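> turn this into a model:
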Amino acid sequence: MKKFLFVVVALLALEYAEHRIVDDFQLQSWPDASTHDDYNGQLEFYAVLLAAIFSIYFATIGIILSTGYAKLNRKIVSLLIGEQVGNLYTSTLIFSTAFCITAKAINIFGHQTGLSVYVVSSFLTVLSVLTLFPIGRRLFEFFELTPLIDGEILPKIAQNIERVAQGKNTISYQNHFSHLARTKLKQLEFINERLQSEQRKVEQNLPLLTRSYSGLLAYYLKQKHKIPEDSYWFPRIQFHPNWFLAGDSETSLALQTSSQITPEERADLDWLENETLEKIHHHLEQALKAKKWELSLRLVSDLQYRATVYSQGLYFQTGLDDFAAVRILLEQYLPKIDGKNSETSRHAIALADTWCAIVQNFFFETLRRIQTFDKELMRFFAGDDWSFAASKNLPAFLQVKIRPLQKRIVFEQKIEQRRLSRPKYLQQLTIKAALEEYFKIVEIVADFESSELPKFAQAVVASGHPAAATQVVLSTLHSNWKLPGWYDDLERLFSRYAVYQLYDEEMYKLPALDFEKLQKQFEVQRSELMMLLSEKTLGNHLFASCAHDTSLPDHFGQTYFVLANECLNALHRNDGDVLDSVFRTFFGLAFLAANFKFTDPNLDVNQEFRLHLVSSANKDLATLLGYSILYAEHHQNQALKTVPMQIWEGLLEAATDRKSYLERTMLLSDSRSFSMNASPRDSIRTEWKMKFEALLRDAGYNDRYSSHGPKHPSHIVDEFRGGYYSASDVFFALHVLSEIDLSVDKVNHQITSFKSRIERLEGETE
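Here you go, the predicted model:
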């Protein structure tokens, strides 16, 4: 009504001004009789155009409200009609429409308006059309939801969380900002649901949403410890206490009234982490369910960012929960990937390996953070400043642990005007709290590596992806090799904290951890991993393909050398069970390499190097058979050579010509029979020999470099340690030479020499 009055006043003023000007200057009025129809038609066009724009504009607002977009912002209507741009446009549009319609109505009733009204109507129409562009741009920005996340919602959530975490704010003030933050979280959830429902853009939307929620989680974890646990930021959940654990008065009252014990309330301290991770994991589940494996790999790779946040802040349990949830999803959906298709099989390998690699990196980075934090902790102790500001650089868990100490110091200074707590007392309690958390982390890492990762590999095998499981096992073997060294460093670090043990009371006593037990746990785990790697269900794919796919890791080659080395280690430890399991698989890989892989014409190597490869595989096998003889003699455990020799005999029985196969194997094992160049794998076998010689020296026996110490009771071992023989010479001399008819000049002199020496020593003994 007010705008209509303005229109009437404007029309009257224009008409009055125009008539005065025409009368005073004796001008001809416009329009004249000949242009009345054109003038009225033009005014009618202006009125219809503005009315149409007016209707479309407010219809758009109605659509927004009806489709639920207003849930994102309660002030969405003011976004379009109340803020500076929207208010200006709305006012201009309403005034212009009313002005043109009123002018047209006046003409209909017989009064002809003049030139000034026509000019103003034209100007207002053009202005209304031009102002459509800024408000239209604003409108389309609103319909595009993704910019709202980073541009409006996440900054508002972060701002409200920061204000909740400010200790100087009152409880009511904190509650107010808690409510605002939850409102924005609901808006973010609304956007999350809308973007997930857009199936055509799911590959763009899901990574964006995952990164947004990951960023929110990272920021919140850095602020959470500043929020008091009794704050209403944490929602309350009810729980019903156990009757036997409830207080006597509560139990008596419940009995008298024949009712249940009154439920108690407990603050849900992890509600936002759980909700955020639930959204992130739902994004991954949606991608896996849609069989979008590339998208799934991108989402799993986003774990690396969160793992960095977890390790740097020592938010260990949150990280562990995150990885466990992703693991469950992978185990659930990996069976749906076609393992027979080489393309999809690569996705299975990538998904399993990415998850495993990020988990292990998370563990190592967490352990590294424990070590690097030691300097910060010592600096904190040296400053002897226990104020809240001085402790802000400590890990979040430790700030929470020492907060009661800090409050106590504040109380002491308030009452006594000085601090009463002694530095050693405060330091011991701080070290105690830190060690309790550290020991929990160290134990969980050891248990996860030794039990959960092998279980995951077995689950991947059960899903029909042995290549992916092999990658997991090989990756776990590497971390198994690194962790004992890390634990040695941690043990030395924690042992230095013993100087802070000032009070011996139980409540102040520093905790202890049996690192020797954990180290033995890693040894057991390595043996179990080797046996797992030797299982048929895991290793069958190694025998199925001959050509190496360069886009994937070389599982055949790595498994070959890992198992060969483990065979030697099992002999060294006198562990017949592991040897029986591992040697069978290695024997098959060595046979496949020597007779098929390296003889494949598709292998692009020159003929001499091809012969070296075949020779190396044969010599590796002969060397391990020779060491099974030597270690069996040294440990006086003939079972160490029983299984290897049985497997070897089984191969000979299957051969069409036993003698020819033995001759070929022995000749090819000697690389000097066909090349003057050194074997490309001599260094590995040299390390095996040095390991055996070190075992003999530790047992007190002399070697070829020293005459001190007694001779070995076994002629075979004594002759081997005193000469320049290789273990393959021992095997060929004792088990092959007597079955072949090669001339002396074709047989390696070391083999014949060892054979004759052993026969002479045995003859002298008899």
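
> report the central residue of the protein.
L303 (2.9 Å; Cα atoms, centre = their mean).

> mind listing what that one touches?
For L303, the contact set (Cβ atoms under 8 Å, 6 or more residues apart in numbering) comprises D322, F323, V326, T354, W355, I358. All C-beta atoms are positioned from the backbone trio N, CA, C, and that covers glycine.

> quick one: which of these is nearest G557?
T354 (21.8 Å; Cβ to Cβ).

> contacts for stretch 401-410, please.
Outside stretch 401-410, the residues within contact range by Cβ under 8 Å, 6+ apart are 386-388, 391, 394, 419, 421, 426, 429-430, 433-434, 437.

> the same query, at a cut-off of 7 Å, please.
With contact meaning Cβ atoms under 7 Å, 6 or more residues apart in numbering, stretch 401-410 is reached by W386, F388, S391, R419, S421, L426, L429, T430, A433.

> in helices, which of these appear?
L426, L429, T430, A433 (DSSP state H).

> now do the second one against S421, distance only.
Read that as L429. Using Cβ to Cβ, to the nearest Å, L429 is found at 9 Å from S421.

> what about these two, which has more around it?
Remark: of L429 and S421, L429 carries more neighbours, 20 against 13, as counted by other Cβ atoms under 10 Å.

> report pLDDT for that one.
The model reports L429 with a pLDDT of 93.

> list the contacts for it?
Taking Cβ under 7 Å, 6+ apart, one finds L405, Y508 in contact with L429.

> could you shift the numbering so residue one becomes 468, and keep it that way?
With 468 as the first residue, the last one maps to L896.

> how about stretch 997-1007: buried residues?
Using 16 or more other Cβ atoms under 10 Å as the burial criterion, the residues of stretch 997-1007 that qualify are M997, M998, L999, L1000, S1001, E1002, L1005, G1006.

> number of nearby residues for the closest residue to T1219 other than its chain neighbours?
Excluding its sequence neighbours, the residue lying closest to T1219 (Cβ to Cβ, 6 or more residues apart in numbering) is V1211, at 6.6 Å. Neighbour count of V1211, defined by other Cβ under 10 Å: 7.

> try the one 4 residues further on
One way to gauge burial is a neighbour count; for N1215, by other Cβ under 10 Å, it gives 21.

> how far is whichever strand or helix holds L720 from where the chain is centred?
Per DSSP states H and E: L720 is located in helix 715-724. Relative to its parent chain, helix 715-724 has a centroid offset of 50 Å by Cα atoms, centre = their mean, to the nearest Å.

> next one: stretch 982-994
That offset, for stretch 982-994, works out to 25 Å (Cα atoms, centre = their mean).

> pLDDT on it, on average?
Stretch 982-994 carries an average pLDDT of 91.

> ok so, going back, how near is the residue nearest to T1219 to I1218?
In terms of Cβ to Cβ, V1211 sits 10 Å off from I1218.

> same thing with F855?
From F855 to I1218 the distance is 78 Å (Cβ to Cβ).

> more neighbours, these two?
Neighbour totals were compared for F855 and I1218, and I1218 leads with 23 against 14 (other Cβ under 10 Å).

> mind giving me the packing neighbours of the helix or strand containing L1228?
Following DSSP H and E, the helix or strand that holds L1228 is helix 1216-1232. Here helix 1216-1232 touches helix 1182-1189, helix 1194-1202, going by 3 or more Cβ pairs under 7 Å, 6 or more residues apart in numbering; DSSP states H and E.

> how about a cut-off of 6 Å?
helix 1194-1202 (3 or more Cβ pairs under 6 Å, 6 or more residues apart in numbering; DSSP states H and E).

> roughly how far is the helix it packs on from the heart of the chain?
With Cα atoms, centre = their mean, you get 50 Å for helix 1194-1202.

> what about it, average pLDDT?
For helix 1194-1202, the mean confidence score works out to 91.

> likewise stretch 1066-1076?
79.

> gap between the two ends of it?
11 Å (Cα to Cα, to the nearest Å).

> what residues sit buried inside that stretch?
Quick answer for stretch 1066-1076: no buried residues (16+ other Cβ under 10 Å).

> quick check, nearest of the buried residues of stretch 997-1007 to F961?
Scanning these for proximity to F961, where the rule is Cβ to Cβ, the winner is M997, at 30.2 Å.

> now the closest one. Nearest residue, chain neighbours left out?
Spatial nearest neighbour of M997, excluding adjacent residues (Cβ to Cβ, 6+ apart): E1033 at 4.7 Å.

> how near is that neighbour to S1001?
Plainly put, E1033 is 9 Å away from S1001 if you go by Cβ to Cβ.

> who touches both of the two?
Taking Cβ atoms under 6 Å, 6 or more residues apart in numbering as the contact rule, E1033 and S1001 both touch V1049.

> quick one, longest helix in the chain?
Max-length helix for the chain by DSSP H is helix 809-850.

> off-centre distance for it?
Going by Cα atoms, centre = their mean, where helix 809-850 is centred and where its chain is centred differ by 9 Å.

> and that helix, average pLDDT?
92.

> just say helix, strand or coil for Q705.
strand (DSSP: H, G, I helix; E, B strand; the rest coil).

> list the beta-bridge partners for it.
Beta bridges link Q705 to E732 when assigned by DSSP bridges.

> and it, how many neighbours?
Neighbours of Q705 (other Cβ under 10 Å): 9.
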